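Novice: Give me the fold of what follows.
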Amino acid sequence: MDIRIESNFQFSVASMQYAPNGELQISLVSSDGEKKKRYEYAASLGDGVAAEHPAVTLLGYAREYARTSNIKDCTRDSYRLMCRHLETYGDCRLERVTTAYLQGFVAHLHSTGLGAGTARLYFQKLTCVLHDAHKNELFDDRVLLRVKRPKREQRKKCYLTEAELKRLVKTEMPAAYGNIQSMFLFSCMTGLRFSDVRGLKWKNVRREGKHLQLEFHQQKTDTQERLPLCAEAEELVKGRSRSGEYVFERESNQLVNKVLKRWCKAARIKKPVTFHSARHTFCVLLLTKDVPIFTVQQLMCHQDIGTTKVYADLLNRTKAKAVRKMPMIGLA
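Specialist: The predicted structure is shown next:
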């Protein structure tokens, strides 16, 4: 059989074989300077006419999925970054993705110096792509069952104690930092993430009897939430002007964390405090006040109780207090 390939580029045939279905599979390699690109083609010769079409590759499918899927912009960026690593690692036809190939991609992610959490995130995104390919009958997702995935990163959560929080309140800072200070303290009293505090509008603040509560859309989980406010959180809200649409002036995350670093330094707090530390602080303070863990889960808007239990494990003091409640049975 004579096969002629016409192209403006220089190709070399890497492999050529017949598939069980009678399809001719051709793998070509083109040289573009120092870079080499691999192209896969399949030709169906059942009717005597070669109907040539590019094969679906994992990288191509992943990029199209990131472009067209109904996902948030921040999530879309994660897919794009994953695709960059996949391109560096080496593309592959979807039906040829094996356990060894995926395990190699995991090893590649670790070799680039990524943290365990980031490597796990990128592999999760690739997993979503492959599950979607399975729905379209382009991939057998049973291959994923045998892959040893990146481990979940166990980072030490940074939170403030009650004493440290009081020290922050008493530490004077320039008036220009007042909005950021209020945002952080409000998060400490409510557990709201930065995105939810920054996007909080006056229409989200409702009165429920004698007290205020928040009714808002939580951005990360894409859920509608109701959250009653404690007395300190109410005071922070009541003391603000209602001239604008938002409760707090909209600050950048970078500036907020920069101010927090200065504030903690002035208060002699030697911890790597970020805005997210406020959410950790809220959870830990509730647990130290013996609030039931299932109630804490609801206030933190955690979908999984296991996420809340991570905070409970931080508190050895709470564990010690619990075991001291065991009855005396006359052994001592």
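Novice: can you give me the strands for the stretch 201-332 of the chain?
Specialist: For the stretch 201-332 of the chain, the strands defined by DSSP state E, counting those that start in this stretch occupy 205-208, 211-218, 223-228.
Novice: Go through these and name the closest to residue 145.
Specialist: Proximity to residue 145 (Cβ to Cβ) singles out strand 223-228 among the strands of the stretch 201-332 of the chain, at 29.9 Å. C-beta coordinates here come from the backbone N, C-alpha and C atoms, glycine included.
Novice: now the closest one: how far from the chain's centre is it?
Specialist: 21 Å (Cα atoms, centre = their mean, to the nearest Å).
Novice: Also stretch 78-89?
Specialist: 16 Å.
Novice: what comes up buried for it?
Specialist: 78-79, 81-83, 85-86, 89 (16 or more other Cβ atoms under 10 Å).
Novice: I'd say residue 273 and residue 264 touch.
Specialist: Yes: counting by Cβ atoms under 8 Å, residue 273 does reach residue 264; the two are 4.9 Å apart.
Novice: which one of those two has more residues nearby?
Specialist: residue 273 (24 against 20; other Cβ atoms under 10 Å).
Novice: circling back: can you redo the strands of the stretch 201-332 of the chain as JSON lines with distance to residue 181, mean pLDDT and mean neighbour count?
Specialist: Converted to JSON lines, these look like this (distance: least, Cβ to Cβ, whole Å; pLDDT from 0 to 100; neighbours: other Cβ atoms under 10 Å):
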{"stretch": "strand 205-208", "distance to residue 181": "19", "mean pLDDT": "88", "mean neighbour count": "12"}
{"stretch": "strand 211-218", "distance to residue 181": "20", "mean pLDDT": "85", "mean neighbour count": "16"}
{"stretch": "strand 223-228", "distance to residue 181": "21", "mean pLDDT": "84", "mean neighbour count": "14"}
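Novice: which non-adjacent residue is nearest residue 296?
Specialist: residue 286 (4.9 Å; Cβ to Cβ, 6 or more residues apart in numbering).
Novice: measure that neighbour to residue 294 for me?
Specialist: Noted for residue 286: a distance of 12 Å to residue 294, by Cβ to Cβ, to the nearest Å.
Novice: Those two: which is more packed in?
Specialist: Neighbours were counted for residue 286 and for residue 294 using other Cβ under 10 Å; residue 286 has more, 19 against 9.
Novice: can I assume the more buried one is in contact with residue 298?
Specialist: No: counting by Cβ under 8 Å, residue 286 sits too far from residue 298 to count as a contact (10.7 Å).
Novice: the helices in the stretch 201-332 of the chain, which residues?
Specialist: For the stretch 201-332 of the chain, the helices defined by DSSP state H, counting those that start in this stretch occupy 231-238, 253-266, 276-288, 293-300, 305-314, 316-323.
Novice: Tell me which of these sits nearest to residue 147.
Specialist: Across the helices of the stretch 201-332 of the chain, closest to residue 147 is helix 305-314 (Cβ to Cβ), at 22.3 Å.
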